[in-house]
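Build me a model from this:
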Amino acid sequence: MQLQEARMSFIEQWGSLSISWGVNRLLGQIHGLLLISHKPLCADDIMEALNISRGSVNTNLRILIEWELVSKEHITDNRKEFFEAQKDMWVIFCQIVKQRRKKELDPLLHSLDNLQACHSDCEQSVEFIKVINSLSRFSSKVDKALQQIVKEQPNMLVSAYLKV
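Prediction:
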């Protein structure tokens, strides 16, 4: 397999993986391209490499910057904006976890808190409250575990996992 073919295969796979993160494939492809680039790329480079529009590039770069997976870089004597991906896999993992928590788990916990305020004395409400309380306890434990994982250093987490 030639390098260009391998690079495009990686970009496609990273785009497919991004769907699991709850984001669109194109965002993942742009991130994948920047991740394997040996130098920062401008929007024109990204457009050409992935054959996509400037609007798609700009929209997805904003999200990647917001997620702190990509940063803007200044190149001397060049007026264009250049972009570079965070390359530390632990940092990437932690940023994705933080964003997924914010997007999915935090709203769920808030909703469950509101639902626990439901009061009624019928048989259905007893079962409803039982399930909501159980889901709330479980979700809170998951949230605490994710917070702890993000705080840990990667080598500590790996050594703890290997002990288990």
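
Show me the protein divided up by domain.
Residue ranges for the domains of the chain, per automatic domain parsing: 3-85, 89-163.

which of the ones you listed sits most buried?
Mean neighbour count (mean count of other C-beta atoms under 10 Å) peaks for domain 3-85 among those, with a mean of 16. In this view, the C-beta of every residue, glycine as well, is placed from N, C-alpha and C.

mind listing what the residue nearest the centre of the chain touches?
Centrality entry for the chain: nearest residue to the mean C-alpha point is Ile96, 2.9 Å, by C-alpha atoms, centre = their mean. Going by C-beta atoms under 8 Å, 6 or more residues apart in numbering, Ile96 touches Trp21, Trp67, Leu69.

Quick check: of those residues, which lies closest to His119?
Ranked by distance to His119 (C-beta to C-beta), the contacts of Ile96 are led by Trp21 at 37.9 Å.

average pLDDT across stretch 38-58?
Averaging pLDDT along stretch 38-58 gives 96.

distance between the ends of it?
21 Å (C-alpha to C-alpha, to the nearest Å).

Can you list the neighbours in contact with it?
For stretch 38-58, contacts defined as C-beta under 8 Å, 6+ apart pick out 11, 26, 29-30, 33-34, 61, 73, 75, 80-84.

what's the farthest-apart pair in those?
Once C-beta to C-beta is applied, those give Leu26 and Ile75 as the farthest pair, at 24.7 Å.

Worst mean pLDDT among the domains of the chain?
When I compare these, domain 89-163 is least confident, with a mean of 80.

follow-up on the earlier one: could you list which of the contacts of Ile96 belong to strands?
Judged by DSSP state E, the contacts of Ile96 include no members of strands.

And Phe83, its phi and psi?
For Phe83, the backbone dihedrals (degrees, to the nearest 10) come out as phi -130, psi 140.

That one touches His74, doesn't it?
No. Phe83 is beyond contact range of His74, at 11.1 Å (criterion: C-beta atoms under 8 Å).

Distance from the chain centre to the helix or strand hosting the residue nearest to the centre of the chain, please.
Using DSSP states H and E, Ile96 sits in helix 89-100. Distance, stretch centre to chain centre, for helix 89-100: 6 Å (C-alpha atoms, centre = their mean, to the nearest Å).
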